[in-house]
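Novice: here is a sequence together with a model predicted from it:
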Amino acid sequence: MRKLRWIAGLVMAFLLPGCGSSTPTTVPTPAPTSSPCSQSALIQANGAVPPRSLARVAFSVPTTGRLDVTVDWTFAASEIGIYLVFAGACAIDQFNAGTCNVLSASETTAKPRRFSVANTAAGNYELLVANFGTQDESISGQVVLSSSTCPAFASAASGASARGFGGRLSESTIR
């Protein structure tokens, strides 16, 4: 019996210190997880834009976010301007006079043209594609609404004036 008490005492000596220990237990804090990249295509447009003309594509932005714009065309030598405006806010006469309220513009000769416009409010917009060149162009483009966790393209000029390449244009539609 004495041996049994000795074994019980030994077991208690090993088991009890683990219960109610005064040593604090550190619980790791989970690292915050970022939202995954989410994208939604708002428009995809393909068609011809005659020389010296301005084509428009209307679209709606359902929520505030970043717009990623990609436009490509056939001939690298063509002078193509890309503009983002509020829907109905840039008539052809205003465009030719350089008085449109352009939210963002890209007027380089680099192709394809890719730029992002951050913090675009929900609403109705138009993507304007100006062919300042002397030959017909075949244009393809898209506007994507992206979350801030997606990598952005380079930013385009904000509040820029239209007509970086100059000259009067006529109205056209991408067909």
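Specialist: Everything's here; your move.

Novice: what's the end-to-end length of stretch 84-91?
Specialist: Using Cα to Cα, to the nearest Å, one end of stretch 84-91 lies 13 Å from the other.

Novice: sorry, slip of the keys, the one I care about is stretch 92-111.
Specialist: Between the start and the finish of stretch 92-111 there is a gap of 25 Å, counting by Cα to Cα.

Novice: stretch 48-65 now?
Specialist: End-to-end for stretch 48-65, by Cα to Cα: 29 Å.

Novice: any idea of the mean pLDDT for it?
Specialist: Mean pLDDT, stretch 48-65: 95.

Novice: just the buried positions in it, please.
Specialist: In terms of neighbour count (16 or more other Cβ atoms under 10 Å), stretch 48-65 has its buried residues at 48-49, 53-57, 59, 61, 65. (C-beta placed from N, C-alpha, C; glycine too.)

Novice: need those in TSV (columns: secondary structure and distance to Leu169).
Specialist: As requested, the buried residues of stretch 48-65 are exported to TSV (DSSP: H, G, I helix; E, B strand; the rest coil; distance: Cβ to Cβ, whole Å):
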residue	secondary structure	distance to Leu169
Ala48	strand	15
Val49	strand	10
Ser53	strand	5
Leu54	strand	4
Ala55	strand	10
Arg56	strand	11
Val57	strand	16
Phe59	strand	21
Val61	strand	25
Gly65	strand	30
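
Novice: between those, which is nearest Gln39?
Specialist: Within the buried residues of stretch 48-65, proximity to Gln39 (Cβ to Cβ) peaks at Gly65, which comes in at 9.6 Å.

Novice: just curious, which of the buried residues of stretch 48-65 is nearest to Lys111?
Specialist: Using Cβ to Cβ, Val49 comes nearest to Lys111 of those, at 13.7 Å.
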